[in-house]
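Trainee: Starting from these lines, generate the structure:
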Amino acid sequence: MTESSKPLPSELPEPVVPISWLLGTWVGVGLGTFPTIEDFRFGQEVTFTNDGRPFLIYTSKSWILDEEGNRLRPAATESGFWRPQPDNQLEVLLVHSTGHLETYLGTNEVTSIADATITGARCELKTDVVVRSNNAKEYDGGVRLYGLIEGDLGWAYDMAAVGEPLTNHLSARLAKVD
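Mentor: Got it, this is the predicted structure:
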């Protein structure tokens, strides 16, 4: 049994069990693109934890990488809460170092279970509310997809911002670490 396919912890609040596949720290490399910037590679660390209440606590840190994979400088930082709702609905609240606050609404779907372990799942999220500070760049909304793929966390983010329509912006594949 791999680290990413451990049986579900029995002490989790019932509403969190369907998204428990996200728990842990995930690290990897992704690609960024957008019509108004040059393409880039980034490293990322994402952590999902639970403190016994019916939601997950989320943090993400990323770094711009050079061609050899060395860190050049910090990139995006975000944190928030993943709040499961009835009927596999999901509410995600995020705050960003760029001066943006977002509420995402969407769904979580468990696609496979083996030996009481979630082995396949995906979340589809779309912004419901976007708030930005006075000096933050124009940002209209986004769509995020997360999935458990062969034990890894894969995700993609499409963004509408600075006059551009909803467009592919970020994607990464992250491996679970101890």
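Trainee: which intervals of this structure have sub-threshold pLDDT?
Mentor: For the chain, applying pLDDT under 70 flags the ranges 1-10.
Trainee: what about the strands in it?
Mentor: Along the chain, counting by DSSP state E, strands occupy 24-34, 37-49, 56-65, 71-84, 89-96, 100-114, 117-132, 139-149, 152-161, 164-177.
Trainee: Let me know which of these is the nearest to residue 15.
Mentor: Proximity to residue 15 (C-beta to C-beta) singles out strand 71-84 among the strands of the chain, at 4.4 Å. Glycine gets a C-beta too; all of them are placed from N, C-alpha and C.
Trainee: packing partners for that closest one?
Mentor: Secondary-structure packing of strand 71-84 (3 or more C-beta pairs under 8 Å, 6 or more residues apart in numbering; DSSP states H and E): strand 37-49, strand 56-65, strand 89-96.
Trainee: ok, the first one: who's next to it in the sheet?
Mentor: Applying DSSP bridges, strand 37-49 is found paired with strand 24-34 (antiparallel), strand 56-65 (antiparallel).
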